[in-house]
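Novice: kindly generate the corresponding structure for this input.
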Amino acid sequence: MSRQCQLTGKKANNAYAISHSHRRTKKLQQANLQSKRVWWAEGNRWVKLKLSTKAIKTLEKKGLQAMAKEAGINLNHY
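Specialist: Reported below is the predicted structural model:
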């Protein structure tokens, strides 16, 4: 599994690390991913997902079923 949020699709971003003398070297800015067990009420079970912290906050507001439908994910596979 890649380092990508399973609900929002967030992944690493290419950027530059700029030193004091303004030399630029390439770096990756990884998404802040957390492994999270979320209760899926419709399926009546726990689902283990790899989520970004932004997705966890949105999940509390919208709910798991709505976000999974938006992302086009079948939760029976997780």
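Novice: so how many other residues sit close to the spatially closest residue to residue 24 that is not a sequence neighbour?
Specialist: Closest residue in space to residue 24, ignoring its immediate chain neighbours: residue 16 at 4.3 Å, by Cβ to Cβ, 6 or more residues apart in numbering. For every residue, glycine as well, the C-beta is placed using N, CA and C. Residue 16: 10 surrounding residues under other Cβ atoms under 10 Å.
Novice: measure residue 16 to residue 73 for me?
Specialist: In this structure, residue 16 and residue 73 are separated by 33 Å, where distance is defined by Cβ to Cβ, to the nearest Å.
Novice: avg pLDDT for the stretch of helix or strand the residue nearest to residue 24 belongs to?
Specialist: When secondary structure is defined using DSSP states H and E, the element that contains residue 16 is strand 13-18. Taken as a whole, strand 13-18 carries a mean pLDDT of 97.
Novice: show me what that strand is packed up against.
Specialist: Based on contacts counted as 3 or more Cβ pairs under 8 Å, 6 or more residues apart in numbering; DSSP states H and E, the elements that strand 13-18 packs against are strand 24-29.
Novice: list the neighbouring strands of the strand it packs on plus their orientation.
Specialist: In the sheet containing strand 24-29, its partner strands are strand 13-18 (antiparallel), by DSSP bridges.
Novice: so which residues make contact with the strand it pairs with?
Specialist: With contacts defined as Cβ atoms under 8 Å, 6 or more residues apart in numbering, strand 13-18 is touched by 24-29.
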